[in-house]
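Visitor: Just the structure for this:
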Amino acid sequence: MSNSDSAAQVQSVDRAISVLELLAQGEAGITEIAGELGVHKSTVSRLVSVLEARGLVEQLGERGKYAIGFGVVRLAGAATGRMDLTKLGQPVCQTLADTFGETVNIAVHDAGVAINITQARGSAAVSAVNWIGQRTPLHATSSGKILLAFLPPDERKRLVSLPLDSYTENTLVDGDRLLAELETVASQGFAACFEELELGLHAVAVPVRGHRGEVVAAMSASGPSYRLSRQRVAEIVPAMSAAAADLSAQLGYFAG
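Guide: The predicted model follows:
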């Protein structure tokens, strides 16, 4: 693709967004939109046709004006769901952090990494690191393993087949072994990491589900290996799973 073709595509995307922003203010016809954008009516017709095909705009009547379509509601719902997850998840994380004395986070999958969106620190937490907004590897964190384990199989295999960075001698970088562990994670309902991201750091995570039952996030507890031992990890999983189920219910999911 030439530079001119790329520039034309970027310009088309920018104009399409401008159409959506204009229609967000109210209904408008092709001529009105063209005038507002300063482009030819045929250009607007092509843009609107594509947006209409994707459900992002709709025509009011056979030859009427255009308005924002329900496809935009679907996109907005995804963002709203994430904001709800942050708001609803904070008190859940804080309760667990107070109970365990450790740091509790909620992370979501984004473009092949886990991003922490909520954090609460318990009284015994030894690290003051703020993980909110931090991007962490999927294969070397308990949250990441949860997010990987519940992806569609093809997407999971694709991500696991990519080069996996090693952070400590315990990081699992063999794709086949990782896939086998992810199967176990999916069946048992939790994932653990023992010094796989940082030496001396242990963590355990459980899934959080959205209203359709899909896993939308992972909730994890992390702490120093001398306190969050393998035995301690096993002991706190039931409480974490119960808290995740409560949060999932608040998001609209109820297990059958």
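
Visitor: Okay, strands next: where are they in the stretch 1-150 of the chain?
Guide: Secondary structure of the stretch 1-150 of the chain by DSSP state E, counting those that start in this stretch: the strands cover 57-59, 66-68, 103-110, 113-120, 135-137.

Visitor: how much space between residue 16 and residue 27?
Guide: Separation of residue 16 from residue 27 (Cβ to Cβ, to the nearest Å) stands at 17 Å. For the C-beta atoms, the positions are set from N, CA and C on the backbone; glycine is no exception.

Visitor: Please disregard the earlier target; I meant residue 138.
Guide: In terms of Cβ to Cβ, residue 138 sits 44 Å off from residue 27.

Visitor: Compare those two and say which one has the larger neighbour count.
Guide: Each of residue 138 and residue 27 has its neighbours counted (other Cβ atoms under 10 Å); residue 138 has more, 26 against 13.

Visitor: Point out where the stretch 51-200 of the chain drops to low pLDDT.
Guide: For the stretch 51-200 of the chain, the stretches with pLDDT under 70 are 62-63, 73-83, 124-131.

Visitor: quick one, helices of it?
Guide: 70-100, 142-149, 153-161, 175-188 (DSSP state H, counting those that start in this stretch).

Visitor: most neighbours per residue, which of those helices?
Guide: When the helices of the stretch 51-200 of the chain are scored by mean count of other Cβ atoms under 10 Å, the highest mean neighbour count falls to helix 142-149 (a mean of 28).

Visitor: could you give the angle of that one to strand 103-110?
Guide: Interaxial angle, helix 142-149 versus strand 103-110 (axes from the mean of the first three to the mean of the last three Cα atoms, to 10 degrees): 30 degrees.

Visitor: Outside of helix 142-149 itself, list whatever touches it.
Guide: 105, 107-109, 113-114, 116, 136-139, 156, 159-160, 181-183, 185-186, 190-193, 203-207, 215, 217-220, 222 (Cβ atoms under 8 Å, 6 or more residues apart in numbering).

Visitor: I am finished for the moment; much appreciated.
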